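Undergrad: Need coordinates for the below:
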Amino acid sequence: MQQNPSIQILADDREKSSPVIQALSRHEGVIINVRRLELGDYRVNDRLMFERKTVQDFSASLKDGRLFNQGIRLAASPLHKAIILEGNGNELMNGGIRREALQGALITLTLFFGIPLLRSLNPEETARLMLYADRQFDSLASHMSPRLFTGKRPRGKRKTQMRILQALPGIGPSIAHNLLEQFGSVEAILAADEQALQNAEGIGAVRAKSIRWAVSEPWSDYL
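TA: Numbering: from 1, shown residues only. Alright, predicted model coming up:
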């Protein structure tokens, strides 16, 4: 009788005390290694990457600005990735975030950054989601073009960068291209001050001010 292949999972060491790891270990055929990951909390068979956020962590990372920096880095990864939001809706709405700010964050992550958002009620369901996604990967890969499942997209990062920049006010494809040519990365563009942006081709004072407003608006404005 043919045995199912084992599922290799790398877990970030900051998750080592997480009940998700305990839940994963209860599933047959799952092999877990814990080490520091530069990106994501879990990697499944080196092809799927998951960023796990409890409702409390999602709220905190939105407030302190970590959420979008993580989103940019996740979007640029060649692996298939998703954010798993763990907890119920009431906890999320009671986390001190205005509904409009929450909706804006979810739109940015999913629509503009292109990162799927999966919902989970608890750590056990988070573990099951990751394992089910891996099985679904194999099932779909056997019926669809292999090119969709290689995880290698040489031009994918550039397309992701362009998509992220075009989510900024007044930025179209040509200006996004100019910004990348001048600053080299999305991270450098978002960190640039208003004067540096204004000096970029096609930006000008109005667009520069709008970009800085979009990326540095104080959190207190949402409270």
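Undergrad: Every contact and neighbour count from this point should use C-alpha atoms.
TA: Will do.
Undergrad: Which pLDDT does the model give M1?
TA: Reading off the confidence values, M1 has pLDDT 40.
Undergrad: any idea what K81 is structurally, helix, strand or coil?
TA: The local conformation at K81, judged by DSSP: H, G, I helix; E, B strand; the rest coil, is strand.
Undergrad: in what helix or strand does the nearest residue to it once chain neighbours are set aside lie?
TA: Nearest residue to K81, sequence neighbours excluded (CA to CA, 6 or more residues apart in numbering): M49, at 4.5 Å. Using DSSP states H and E, M49 sits in strand 48-54.
Undergrad: what's the spacing between that strand and its chain's center?
TA: Offset of strand 48-54 from its chain centre (CA atoms, centre = their mean, to the nearest Å): 8 Å.
Undergrad: Given it, what are its sheet partners and their directions?
TA: Looking at strand 48-54 with DSSP bridges, its partner strands are strand 42-44 (antiparallel), strand 80-86 (parallel).
Undergrad: For the first one, the averaged confidence score.
TA: Okay, so that is strand 42-44. For strand 42-44, mean pLDDT rounds to 96.
Undergrad: What of the last one?
TA: Throughout strand 80-86, pLDDT has a mean value of 94.
Undergrad: in stretch 195-202, what's buried?
TA: Across stretch 195-202, burial judged by 16 or more other CA atoms under 10 Å covers 197-198, 200, 202.
Undergrad: what about it, how long is it end to end?
TA: End-to-end distance for stretch 195-202, by CA to CA, to the nearest Å: 13 Å.
Undergrad: which residues touch that stretch?
TA: Residues from elsewhere that reach stretch 195-202 (CA atoms under 8 Å, 6 or more residues apart in numbering): 175, 178-179, 182, 189, 203-205, 207-208.
Undergrad: related to what we said a few turns ago, who does the helix or strand just after the strand holding M49 touch, helix- and strand-wise?
TA: Next along the chain after strand 48-54, taking DSSP H and E as the criterion, comes helix 55-64. Helix 55-64 sits against helix 66-75, strand 80-86, helix 89-93, with contacts defined as 3 or more CA pairs under 8 Å, 6 or more residues apart in numbering; DSSP states H and E.
Undergrad: Next secondary structure element downstream of the last one?
TA: It stands for helix 89-93. Next along the chain after helix 89-93, taking DSSP H and E as the criterion, comes helix 99-107.
Undergrad: angle of that next one against helix 55-64?
TA: Going by axes from the mean of the first three to the mean of the last three CA atoms, to 10 degrees, helix 99-107 is angled at 100 degrees with respect to helix 55-64.
Undergrad: just the CA coordinates of helix 99-107, formatted as CSV?
TA: Output of helix 99-107 as CSV, limited to C-alpha atoms (Å, rounded to 0.1, in the frame of the first residue of the first chain):
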residue,chain,number,x,y,z
ARG,A,99,-14.2,50.0,10.2
GLU,A,100,-13.0,52.3,7.3
ALA,A,101,-9.3,51.8,8.3
LEU,A,102,-9.8,48.1,8.5
GLN,A,103,-11.5,47.9,5.2
GLY,A,104,-8.8,50.0,3.6
ALA,A,105,-6.1,47.7,4.9
LEU,A,106,-7.8,44.6,3.6
ILE,A,107,-8.4,46.2,0.2
